[in-house]
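Engineer: Let me see the structure of the following:
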Amino acid sequence: MGRVAEMITSYHNHTLWSDGTTEVAAMLAAAVEARLTEVGISDHFVLTPGRQAVEWSMPVERVGEYVRAVRAAECPVAVRLGVEADYFPENEAEVREALAPYPWDYVIGSVHFVDGFAVDSAPEPWEALSPSERDDVFRGYWARVEGLARSGNYDFVGHLDLPKKFGFAPQVDLGDAIARALDAIAAAGMAIEINTAGALKPCREFYPSRGLLAECHRRGIPLLINADAHAPEHLAWEFDAARRLAWEVGYRSLVRYERRRPIPYPLAP
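Structural biologist: So this is what the prediction gives:
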């Protein structure tokens, strides 16, 4: 008997509903071309505490239209309805209420802002900070990841260790803060992703780093492999390398999602 075809999912993807470069239909056509087993659309939903508009997020009042558009799309590849929702400690309940009416397959939890500082917008704001101020941003980031996990609003964490994007690193030991965040993720039954987009950024490394990924595996935190694609050609970018990395640190399965239920499947060597 021949080898069973390997499952390949790609869930963290953006379209013109937020900061992607193409329509949902074009992204789904690319999923067929890439021979994916399942594809997810997960455009940005950023409900800031003051309800300020964020240019790279879908308008918060149009989330229902977004849901209908994704669910109406036709594709021979299984399509999962997702969203990437930002975490802010000030409005956990408001975000939960805003997302509750919709039949998500998964909700990605991400931290892009620390007290109004955008951690991944551009290198210049980082360059303007002193070393101690950068340390405060890193410290605040991991505190928010811990809060994200404790909130119960999300299914997996997007691009863990995002603040490294522009090549800056903390000058202090944040091991305790990181451990608390990872322990909270594990306690919540959440997953993380290998996000291959990091290798395209100045940090030249997947999110998270190999060391952090190993710590996640040690805690039994489930794993997805995602591209954070903003264009069709990136839907499965560097997935082979990501799968090798996952195997090397000890993962033997990945997870997929249906109606917010994680379903493990084997990771082939």
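
Engineer: what about residue 258, how many neighbours?
Structural biologist: Look at residue 258: counted by other CB atoms under 10 Å, it has 13 neighbours. The C-beta positions use only the backbone N, C-alpha and C, and glycine is treated the same way.

Engineer: Give me the below-cutoff pLDDT ranges for the stretch 1-150 of the chain.
Structural biologist: Residues of the stretch 1-150 of the chain meeting the criterion pLDDT under 70: 1-5.

Engineer: And the helices in it?
Structural biologist: Ranges of helices in the stretch 1-150 of the chain, per DSSP state H, counting those that start in this stretch, are 24-33, 63-72, 92-99, 123-127, 131-151.

Engineer: I figured residue 95 hits residue 148, correct?
Structural biologist: No. The pair residue 95 and residue 148 does not pass the contact test of CB atoms under 8 Å, sitting 10.2 Å apart.

Engineer: So between the two, which is more surrounded?
Structural biologist: More crowded of residue 95 and residue 148, by other CB under 10 Å: residue 148, with 27 against 24.

Engineer: can you pull the contacts of the residue nearest to that one when sequence neighbours are not counted?
Structural biologist: Leaving out its chain neighbours, the residue that sits closest to residue 148 by CB to CB, 6 or more residues apart in numbering is residue 87, at 4.0 Å. By CB atoms under 8 Å, 6 or more residues apart in numbering, the residues touching residue 87 are 95, 109, 110, 111, 144, 145, 147, 148, 151, 153, 154.

Engineer: again, only this time at 7 Å
Structural biologist: Residues in contact with residue 87 (CB atoms under 7 Å, 6 or more residues apart in numbering) are 109, 110, 111, 144, 147, 148, 151.

Engineer: Please render those as a markdown table that adds distance to residue 234 to the earlier fields.
Structural biologist: Below are the contacts of residue 87 laid out as a markdown table (distance: CB to CB, whole Å):
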| residue | distance to residue 234 |
| --- | --- |
| 109 | 22 |
| 110 | 18 |
| 111 | 22 |
| 144 | 27 |
| 147 | 30 |
| 148 | 25 |
| 151 | 29 |
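
Engineer: just these now: which is nearest residue 69?
Structural biologist: residue 110 (21.3 Å; CB to CB).

Engineer: what number of residues lie near residue 173?
Structural biologist: Residue 173 has 8 neighbours, counted by other CB under 10 Å.

Engineer: wait, residue 147
Structural biologist: 17.

Engineer: In this model residue 89 seems to touch it, though I could be wrong.
Structural biologist: Yes. Taking CB atoms under 7 Å as the definition, residue 147 is a contact partner of residue 89 at 5.0 Å.

Engineer: follow-up on the earlier one: now do the residue nearest to residue 148 against residue 189, distance only.
Structural biologist: 17 Å (CB to CB, to the nearest Å).

Engineer: In space, not sequence, find me the middle residue of the protein.
Structural biologist: residue 158 (2.1 Å; CA atoms, centre = their mean).

Engineer: What distance do you get for that residue to residue 86?
Structural biologist: 9 Å.

Engineer: cool, residue 173 as well?
Structural biologist: Counting by CB to CB - residue 173 and residue 86 are separated by 27 Å.

Engineer: same thing with residue 115?
Structural biologist: The gap separating residue 115 from residue 86 is 13 Å, by CB to CB.

Engineer: Between the two, which has more neighbouring residues?
Structural biologist: Neighbours per residue (other CB under 10 Å) separate residue 115 from residue 86, with residue 86 holding more: 22 against 10.

Engineer: Just give the nearest non-adjacent residue to the more buried one, would you?
Structural biologist: residue 46 (4.5 Å).
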